[in-house]
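>>> generate coordinates for the sequence data below:
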Amino acid sequence: KLTHLDLSSNWFEVEGAAAVAGALGQMEKMTQLNLGNNYLGAEGAAALAGALRRMEKLTHLDLRNNELGAEGAAAVARALGRMDKMTQLNLSYNDLGAKGFQAVVVALGRMDKMTELDLSVNNLKAEGAEAVAEVLLQMDKITKLDLRRAVGGGALEQNHSLPWPLSRHFPR
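Numbers count the residues shown, from 1 in each chain. As a prediction, the model looks like this:
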């Protein structure tokens with residue numbers, strides 16, 4: 001019956017993530033889940049991905065600051081692809097890189113109810129920025145988008161040309 005759960009800042013790491021995943025897999029009615037600041041890493045994300053796949057009613061998911069990297073992002077993205085009710089997603093501070101972003105973007109393309117998206121501080125690089133830009137064309141309900149320090153090399157700060165869907169959020 002639990003619908004909201006905040007397990008942030010518990011430093012689960014890989015071992016804790018596996019234990020938590022077992023319990024979360026039984027919580028199919030969950031709508032809001034905060035697992036931020038737990039340093040899950042790619043292995044912890046893989047352990048959680050199975051549980052997340054069963055949580056199709058999630059509307060809010062916070063996985064900020066978990067050191068997911070590209071591999072962890074790919075595991076989470078496979079689960080996110082089933083979450084068509086998602087309205088808020090936070091994947092900030094995870095060093096996703098371009099490959100991680102490209103995996104997440106596939107899932108984002110299926111999330112047509114998304115209103116708030118935080119991908120800040122993730123070292124997107126140009127390829128990742130292009131992938132995000134493409135999916136933003138489809139995400140017309142976004143009201144809050146955080147890409148602070150997401151593009152490595154300071155491209156936003158240097159005001160380089162960004163693909164149109166991104167540039168409309170960063171007026172010159």
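>>> measure the residue sitting nearest the centre point of the chain to residue 80 for me?
Ranked by distance to the mean C-alpha position of the chain (C-alpha atoms, centre = their mean), the top residue is residue 91 at 3.4 Å. Look at residue 91 and residue 80: by C-beta to C-beta, to the nearest Å, they are 9 Å apart. (Glycine included, C-beta is placed from N, CA and C.)
>>> for residue 56, same thing?
Note on residue 56: its distance to residue 80, by C-beta to C-beta, is 11 Å.
>>> and the two? Which one has more around it.
residue 80 (26 against 14; other C-beta atoms under 10 Å).
>>> nearest residue to the more buried one in space, please, no chain neighbours.
Once flanking residues are discounted, residue 80 sits nearest to residue 107: 3.7 Å by C-beta to C-beta, 6 or more residues apart in numbering.
>>> ok so that neighbour is a strand residue?
No: read with DSSP: H, G, I helix; E, B strand; the rest coil, residue 107 is helix and lies in no strand.
>>> OK, contacts around it?
Residues near residue 107 by C-beta atoms under 8 Å, 6 or more residues apart in numbering: 77-78, 80-81, 83.
>>> how about those residues in JSON lines, adding pLDDT and secondary structure?
Output for the contacts of residue 107, formatted as JSON lines (pLDDT from 0 to 100; DSSP: H, G, I helix; E, B strand; the rest coil):
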{"residue": "77", "pLDDT": "95", "secondary structure": "helix"}
{"residue": "78", "pLDDT": "94", "secondary structure": "helix"}
{"residue": "80", "pLDDT": "93", "secondary structure": "helix"}
{"residue": "81", "pLDDT": "87", "secondary structure": "coil"}
{"residue": "83", "pLDDT": "90", "secondary structure": "coil"}
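>>> name the nearest of the residues you listed relative to residue 26.
Of all these, residue 83 has the smallest distance to residue 26: 17.3 Å, by C-beta to C-beta.
>>> any figure for the gap between that closest one and residue 132?
Computed as C-beta to C-beta, the residue 83 to residue 132 distance reads 18 Å.
>>> out of these two, which sits in the more crowded spot?
Neighbour totals were compared for residue 83 and residue 132, and residue 132 leads with 27 against 22 (other C-beta under 10 Å).
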